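Participant: here are the coordinates; sequence isn't available:
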DNA sequence: TTGAAAGCGCTAACAT
DNA sequence: ATGTTAGCGCTTTCAA
């Protein structure tokens, strides 16, 4: 039973020490993983601690040990539902390892990211995970200088010397292209994300490679910047003009693919996949919802998170560790939004 | 220009002091908001700081000032898209005020929440925001005892003495009922969320009040526990059995309403809203997507966040401040998933 | 206004 | 194994 501490605000290790009849450092040792204390003292200390409701102060510990148990997470937006999912999983995985996530929202502007990284560093974080954001080499230098490891999540465009975990976007884009071509599509269009994002660049290059391998060229291209409204406008534009519209659209991510589907089916009154096939990228939860039933390239969120956490902890525990760059495969999840080629395997 | 600091790990106020030719405390004063320093010293210090790339250590500052500038956020899940939205806005709003959000994922079990709250307290947070989670009175006592204010976000079932920001769920539920009744529906069913959630309870009570006022009773009721799969099963169950199925369903939140729509339109082949009207609660982004076009009660996320931040900062700055409980109105957002009563106003 | 000195709560040598 | 001591980097009296 925790004792009644009416007016007490903080219980310190010193108070516990007094109650247990030991020195303050003995208390510290009992609560420090790698320390040594006799079973007898440990018991006395634990009892006293329980009675007083004592718990070590993480911040004080951080001051002297240099470990804050805090991981800074930089993220630009949470409206692409790939990120909430990632955040939840990341937070859970780190929590299980004794770390916690301090969230920093950043706009894509360089200035904003600059300022945000400085703020993160102010908190003496043990590491930084940058999701959906690119870090200039200047910034990663700054972190390196501060001894804070950085892992890029779902981006690869950090400077050299920075770890990253992402998907093999090129291969994913290529697979989308092959699938559409095998499905008999001839007029394949692409809706791009934010042009500077490594994900966007890889996916488009993969698609173009597949098209090229079959002697095809892109039938149309629009830019959605990973935003729904812009993706809608881009989709409309694909069907305007004199020539025939596309018979298939590969969209750089699911979030924009939903917008594309809404335009194609709703505004244009076309049938999916009979008139137009649509493929997205990410496999966020709504892609599986019946109203969208989106064929897409799955990003293996669980594995990405595992890798990110592994790399991060390795970098923290082994200061000299080489940065690692991981690219995971992206299986095609076949649903109803794209025509299925006869005899398609894997 | 920041000086080249090749092997330097940390720049301390002492180093800045030496370079500026002043005392360490002078440096501290320059970087402490309410402190006094002559313009001359301030300038010298700022220059030295800039040259060295110095920034105050938030943790060290926290140790002595008792302010960590960290707000702990407890959240149970991020798959209901109301929460990522809230998290993003909360984080932005707090960031603008010099605070940052430390995320703690918690399962709904009492033990888990207990443990999580202790962990939060370990970080010496300045306040705790509990979103989508209820706190036992024991726990809120623990926080109160530790001098850490708590604000419940989208829940009202904390113990007395805890601030909360939520919607007027009863009124929202009532409004949904009135709208459906005015639309000529006679067989109105309800799909409940997690039975213990204050949101769930309020919304259902409101609906029942509206029905009662018109001499109607609930035509059916299922429990979805705020989860899609369970909501689907509950929806199917509503249409099984001998009697006629419902002609309208009020679902406790949008997340489950999407599942209900998928079942009603997809599996059962019914038309919405011709055969069945569906109303949700929250107005999360996908509710506005064309494929769902869900009529729903809007939770004013922006205002909720503003209020939460205001209350939190007030509690932090004024230790004796009375807890506040805010309930915001929930306007009905009329879209296409529910029949619109002729001449419906507001 | 400014510097010197005393801690905040804790860990990590260093002795014993 | 345990107590003593010295800080971690900073804010805040207290004198000057």
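Facilitator: Thanks, I have the structure now. Nothing here was measured: the structure is a model prediction, and the numbers come from that model. Numbers count the residues shown, from 1 in each chain, chains lettered A, B, ... in the order given.

Participant: Going by C-alpha atoms from here, please, whenever you check contacts or count neighbours.
Facilitator: Fine.

Participant: how much space between residue A:326 and DNA strand C?
Facilitator: For residue A:326, the distance to DNA strand C equals 31 Å [C-alpha to the nearest atom of the strand, to the nearest Å].

Participant: before we move on, what about residue A:64?
Facilitator: Relative to DNA strand C, and taking C-alpha to the nearest atom of the strand, residue A:64 is found at 5 Å.

Participant: what's the distance between that residue and residue A:120?
Facilitator: 19 Å (C-alpha to C-alpha, to the nearest Å).

Participant: more neighbours, the two?
Facilitator: Of the pair residue A:64 and residue A:120, residue A:120 is the one with more neighbours under other C-alpha atoms under 10 Å in any protein chain shown, namely 24 against 10.

Participant: just checking, the more buried one touches residue A:72?
Facilitator: Yes - using C-alpha atoms under 8 Å, residue A:120 is in contact with residue A:72, at 6.2 Å.

Participant: can you list residues touching both of the two?
Facilitator: Counting by C-alpha atoms under 8 Å, 6 or more residues apart in numbering or on different chains, the contacts common to residue A:120 and residue A:72 are residue A:104.

Participant: Just confirm residue A:330 is within a strand.
Facilitator: No - counting by DSSP: H, G, I helix; E, B strand; the rest coil, residue A:330 is not found in a strand; it is coil.

Participant: Indicate whether stretch A:126-145 makes contact with chain B.
Facilitator: Yes - for a cut-off given as C-alpha under 8 Å from any C-alpha of the partner chain, stretch A:126-145 has contacts with chain B, namely residue A:145.

Participant: Enumerate the positions of that stretch that are buried.
Facilitator: Neighbour counts over stretch A:126-145 (16 or more other C-alpha atoms under 10 Å in any protein chain shown) mark A:126-135, A:139-143, A:145 as buried.

Participant: how about residue A:100, phi and psi?
Facilitator: With angles defined as degrees, to the nearest 10, residue A:100 sits at phi -140, psi 160.

Participant: wait, doesn't it sit right on residue B:116?
Facilitator: No - look at residue A:100 against residue B:116 with C-alpha under 8 Å: they stay out of range, at 11.0 Å.

Participant: who's more crowded, these two?
Facilitator: More crowded of residue A:100 and residue B:116, by other C-alpha under 10 Å: residue A:100, with 27 against 18.

Participant: Apart from its neighbours in sequence, what residue is nearest the more buried one?
Facilitator: residue A:70 (5.1 Å; C-alpha to C-alpha, 6 or more residues apart in numbering or on different chains).

Participant: For that neighbour, list the residues it contacts.
Facilitator: Residues near residue A:70 by C-alpha under 8 Å, 6+ apart: A:99, A:100, A:101, A:102, A:124, A:125, A:126, A:127.

Participant: Show the backbone phi and psi for it.
Facilitator: Per-residue torsions, residue A:70: phi -120, psi 130 (degrees, to the nearest 10).

Participant: try residue A:229
Facilitator: phi -60, psi -40.

Participant: helices or strands next to the helix or strand bottoming out on mean pLDDT in chain A in the packing?
Facilitator: The weakest-scoring helix or strand in chain A, judged by mean pLDDT, DSSP states H and E, is helix A:137-145 (a mean of 90). For helix A:137-145, the elements it packs on are helix A:110-122, strand A:150-153, judged by 3 or more C-alpha pairs under 8 Å, 6 or more residues apart in numbering or on different chains; DSSP states H and E.

Participant: can you rerun that using 7 Å?
Facilitator: Packing contacts for helix A:137-145, counted by 3 or more C-alpha pairs under 7 Å, 6 or more residues apart in numbering or on different chains; DSSP states H and E, involve no helix or strand.

Participant: List the neighbours of that helix that are in contact with it.
Facilitator: Contact with helix A:137-145 is made by A:114, A:149, A:158, A:159, B:9, as judged by C-alpha atoms under 7 Å, 6 or more residues apart in numbering or on different chains.

Participant: can you pick the most crowded of those?
Facilitator: Ranking the contacts of helix A:137-145 using other C-alpha under 10 Å puts residue A:149 first, with 27 neighbours.

Participant: nearest to chain B, of the contacts of residue A:70?
Facilitator: Within these, the smallest distance to chain B is 4.3 Å, found for residue A:102 (C-alpha to the nearest C-alpha).
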